[in-house]
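**Student:** Give me coordinates for this.
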Amino acid sequence: MDGLLPPFDAHRIFIAPWTTDIATYGWMALMAFLVTAACGLVGNYLILRRMALVGDAISHSVLPGLAVAFLISGKLTLPAMLAGALGAGLLTTFLIEFLHTRSRIKADAAIGITFCSLFALGVVLINVFASKVHLDAECVLYGELSNLTLAEFSLGIPEPVLVMGGVVFSVAVLIVVFYKELLITSFDALLAGSQGFAPGKMHLALMAVLSIVIVAAFESVGAILVIAMLILPGATAQLLSTRLPICLALSLLHASLSAIGGLHLSLMLGCPMAAAVVVAGTLLFGFAWMASLLKTRAGFEASMAAEATP
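**Tutor:** Next comes the predicted model:
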C-alpha cells in the first residue's frame, strides 16, 4: 500500500528546481512572487480599512465580469479581461455600499449577498457559454501556475509574467505617488475629507486597482486562492510592525518566502503550486503570530517588573 506522502527525493525537491529545471520552476516561482507581492501591497490597505472581505467579493465578481467582457468583445483578450474585471469590481463596490447604506442590512451581510450572487451568475454564464468562453473550472479554483512555460513569450519572458511584473510595478508606483492620500484615507476617512483628500474617490481608485490585480492573478492562482494572497502578507506584516512602510516591505519579504516555500512544498506533496504557496504563507503567518505573542508577553513582564521595582 502506498504511503500518504510521495517518496522524498531531496535532489528533485530542493536542488533540481534551481539547476536543471530552472527554466520551468524559475518562472513559476517568479510568477508566484509577483502575484503575492501585488496582492500583498494592495491587501495592506484593505486590512487597514477593514475591507478584507471586499477583496473576497471582488475576486468572485471577476468571474461574471470576464464572461460578460467576452460576450461583448467576442474574444478573451487582455484589454477585454481588464475592462470586465474593472467594471465588475466597481459594480461590486457600488452594490455593497448601496445595500449597506440604503437598507438595514449590515456591511458583512451586504458583502456576502453581493459576492455570492455575482459568483453564482459567473458560474451560470460559464456553463451556458462554456464552449466559447474557454474558462476552465479548475483554473478558476486553483490557477495554472504550472502552465507558464506553455504560454507565449515576449522579450524572452512568458507573457503572464511580463503582465504581472507590469502590474506590480504600477501598483508600487501608485503607492509611492499617492502614499499620503492612501495613508490618511485608510486611517481616518472623516479627517481625510476635512483635509480635502476626497476619500470616496480614493476608495473607488483602490477598488479599481484591486480589480486589475485580481484579473492579472486570476489565471495563475484562481479566484479562490487570490483571497488568501490578498490577506496573508499584510496580516503577517502588521503582526510584526505598526509602521506602514515597514509593513509594505515585510509583505514583499513574505511574498518571496511564500513563493519559494510553496514551490518546494508543491514538489514535495505533488499538489497545485498556488495552494502550496498559500499554505507556506499561512505557516509564515503562524510564526509571526507566535513571535508577536512572545513580544507582547515579554513587554508585559517587563512592565510588571518595572512597576514592582521600588
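**Student:** Now do the helices in this structure.
**Tutor:** 10, 22-48, 52-73, 78-101, 107-128, 130-133, 137-142, 159-177, 179-187, 189-194, 199-240, 244-269, 273-308 (DSSP state H).
**Student:** Output those helices in CSV; the columns should cover mean pLDDT.
**Tutor:** Converted to CSV, these look like this (pLDDT from 0 to 100):
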stretch, mean pLDDT
helix 10, 83
helix 22-48, 91
helix 52-73, 78
helix 78-101, 80
helix 107-128, 82
helix 130-133, 54
helix 137-142, 56
helix 159-177, 91
helix 179-187, 88
helix 189-194, 78
helix 199-240, 83
helix 244-269, 94
helix 273-308, 84
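**Student:** who wins for proximity to Phe153 among these?
**Tutor:** helix 159-177 (7.0 Å; C-beta to C-beta). No exception for glycine: its C-beta is placed from N, CA and C like everyone else's.
**Student:** what does the closest one contact?
**Tutor:** Outside helix 159-177, the residues within contact range by C-beta atoms under 8 Å, 6 or more residues apart in numbering are 27, 30-31, 34-35, 37-38, 41-42, 78, 148, 151-155, 157, 182, 209, 212-213, 216-217, 219-220, 248.
**Student:** Could you export the helices of the chain as TSV, including distance to Ala16?
**Tutor:** Converted to TSV, the helices of the chain look like this (distance: least, C-beta to C-beta, whole Å):
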stretch	distance to Ala16
helix 10	10
helix 22-48	8
helix 52-73	33
helix 78-101	33
helix 107-128	37
helix 130-133	37
helix 137-142	23
helix 159-177	21
helix 179-187	42
helix 189-194	51
helix 199-240	22
helix 244-269	8
helix 273-308	15
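**Student:** Tabulate those in JSON lines, adding columns for mean neighbour count.
**Tutor:** Listed next are the helices of the chain as JSON lines, based on neighbours: other C-beta atoms under 10 Å:
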{"stretch": "helix 10", "mean neighbour count": "9"}
{"stretch": "helix 22-48", "mean neighbour count": "23"}
{"stretch": "helix 52-73", "mean neighbour count": "24"}
{"stretch": "helix 78-101", "mean neighbour count": "19"}
{"stretch": "helix 107-128", "mean neighbour count": "17"}
{"stretch": "helix 130-133", "mean neighbour count": "13"}
{"stretch": "helix 137-142", "mean neighbour count": "16"}
{"stretch": "helix 159-177", "mean neighbour count": "17"}
{"stretch": "helix 179-187", "mean neighbour count": "18"}
{"stretch": "helix 189-194", "mean neighbour count": "14"}
{"stretch": "helix 199-240", "mean neighbour count": "23"}
{"stretch": "helix 244-269", "mean neighbour count": "20"}
{"stretch": "helix 273-308", "mean neighbour count": "15"}
